[in-house]
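Student: Got a sequence here, can you build the structure:
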Amino acid sequence: MLLLWILLATVAGGLIAVSIASWLAYRVFSKYLHHMVSLSVGVLLSVALLHLLPEAFEGADADAHTLFALLLAGLLGFFVLEKIALLRHSHHHEGDGHHHHKGHDRHEAGRGGVLILIGSSLHNLCDGVLVAAAFLTDPILGVLTASSIIVHEVPHKLGDFVVLLNAGLARRKAFVLILFTSLCTALGGVIGYFLLQQAQDLVPYVLVIAASSFLYISVSDLIPQMHERGALSDAIPQLVLVGIGVAVIYGVTSFMHHGHEHGGHNHTVVHEEHHEAGHSH
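Tutor: Numbers count the residues shown, from 1 in each chain. Next comes the predicted model:
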């Protein structure tokens, strides 16, 4: 049953992210993308710091120094991967304000289109493993992780659309290729499910890597995009949307902790009643 939930979350997540990105690319690209970025920051930071890392530290046999070292290694690793253009790519497009000669961006996109697709596939494969790790820890955490991946993937898929269209691909072909890379998340979910089932001790470490990816994306990519819009009329909606993202995740966190405490209390009461009944006999 858990594998089914992982498959549903990963497949649905891919379809939703690509569909929203496609709609934004052709309808409201410039109007609402910055709002999605602001909301993403609140969601990603909160999921990383309020869910993934606490779960990792509570469930790990390794000491805190090891997990923090892994967090640092994850952040540096994502920096290196970004530098060699495996995870993400430049989102430039014609008319972006950079004074290239006409057709420059189309040429660059045509040259890097295949690498973009390969990088997106690998990235989504890793996302699937992270979703599986989260579901194996707690189903609610799995849903939150899958949801946060959808949120941060929309701007990236949108960038994929822009680059592939600049490379001369037809709209339908670009959609199919990007959808294929998104479905790699489901493959990663299946791999993660069977791998981590046999090695539960690895789950906390995978969760730390997940947290490092969310933190890195937020700090290195999304927040700088927000700073590009420096007017007060932009800053206030940004803060509100970041706050909404944090509040939603915090609310779910409080609900989860309350549920765990309530369940633990009931378990204790039942255990004590059973113990007393045994003595009465």
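Student: alpha carbons only for contacts and neighbour counts from here, please
Tutor: OK.
Student: what ranges of the stretch 51-200 of the chain fall below the confidence cut-off?
Tutor: Low-confidence segments of the stretch 51-200 of the chain (pLDDT under 70): 59-60, 85-116, 118-119, 159, 162-163, 166-167.
Student: quick one, helices of it?
Tutor: Assigned by DSSP state H, counting those that start in this stretch, the stretch 51-200 of the chain shows helices spanning 53-59, 64-83, 104-137, 139-166, 171-197.
Student: Make CSV out of those helices and add mean neighbour count.
Tutor: Formatted as CSV, the helices of the stretch 51-200 of the chain follow (neighbours: other Cα atoms under 10 Å):
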stretch, mean neighbour count
helix 53-59, 18
helix 64-83, 15
helix 104-137, 22
helix 139-166, 23
helix 171-197, 20
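Student: out of the ones you listed, nearest to P224?
Tutor: Evaluated with Cα to Cα, the helices of the stretch 51-200 of the chain place helix 139-166 nearest to P224, the distance being 13.8 Å.
Student: Could you check how far that closest one is from the centre of its chain?
Tutor: Relative to its chain's centre, helix 139-166 lies at 7 Å (Cα atoms, centre = their mean, to the nearest Å).
Student: ditto for stretch 215-228
Tutor: For stretch 215-228, the distance to the chain centre is 14 Å (Cα atoms, centre = their mean).
Student: Then stretch 11-30?
Tutor: Chain-centre distance of stretch 11-30: 15 Å, with Cα atoms, centre = their mean.
Student: and what of stretch 217-230?
Tutor: On Cα atoms, centre = their mean, the centre of stretch 217-230 falls 16 Å from the chain's centre.
Student: State the mean pLDDT of that stretch.
Tutor: Averaging pLDDT along stretch 217-230 yields 82.
Student: For it, measure first residue to last.
Tutor: Between the opening and closing residues of stretch 217-230 there is a gap of 20 Å (Cα to Cα, to the nearest Å).
Student: Could you list the residues in contact with it?
Tutor: For stretch 217-230, the surrounding residues in contact (Cα atoms under 8 Å, 6 or more residues apart in numbering) are H34, V37, S38, S40, V41, L44, L45, A235, Q238.
Student: one step back: what's the closest of the helices of the stretch 51-200 of the chain to I20?
Tutor: Across the helices of the stretch 51-200 of the chain, closest to I20 is helix 139-166 (Cα to Cα), at 6.7 Å.
Student: tilt between that closest one and helix 171-197?
Tutor: Per axes from the mean of the first three to the mean of the last three Cα atoms, to 10 degrees, the angle that helix 139-166 makes with helix 171-197 is 150 degrees.
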